[in-house]
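# Give me a model of this one.
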Amino acid sequence: VDASAHNVVGAGDVDYALSRAPANATAYGSGDDRVALPPGVTFFVSGFPGDCDKGMMKIAVTAR
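As a prediction, this is how the structure comes out:
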């Protein structure tokens with residue numbers, strides 16, 4: 001994965017709904033990132049402007 005072309009960042013529900021990356025969010029782009037998920041829903045969006053508006057790299061993950 002080319003981290004200069006794609007990544008994802010954790011987002012809150014409002015940032016997710018608005019398809020925007022929060023300021024100072026940790027970017028994951030190695031292709032081998034591991035993220036510990038708390039129970040419930042965790043949101044991720046692309047850290048690159050415009051990707052979410054194109055329907056790219058926006059996901060909600062539910063952990064139990």
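
# Any idea how many residues pack against residue 17?
12 (other C-beta atoms under 10 Å). Any C-beta I mention is one placed from the backbone N, CA and C, and that applies to glycine too.

# My error: substitute residue 54 in the last question.
10.

# try residue 58
18.

# mind listing what it touches?
16, 19, 44-46, 51-52 (C-beta atoms under 8 Å, 6 or more residues apart in numbering).

# Local confidence estimate at it?
Residue 58 is assigned a predicted lDDT (pLDDT) of 85.

# before we move on, the earlier item: just the contacts of residue 58 now: which is nearest residue 7?
Among the contacts of residue 58, residue 46 lies closest to residue 7 (C-beta to C-beta), at 6.9 Å.

# quick one, helices of the protein?
13-17 (DSSP state H).

# coming back round to it: by neighbours, which of the contacts of residue 58 wins?
Neighbour max across the contacts of residue 58 (other C-beta under 10 Å) = residue 45, 26 neighbours.

# quick one: pLDDT of the residue lying closest to residue 39 once chain neighbours are set aside?
Counting by C-beta to C-beta, 6 or more residues apart in numbering, residue 63 is the residue found nearest to residue 39 once chain neighbours are left out, at 5.5 Å. Note on residue 63: pLDDT of 96.

# what's the neighbour count on residue 63?
Residue 63, neighbours per other C-beta under 10 Å, totals 10.
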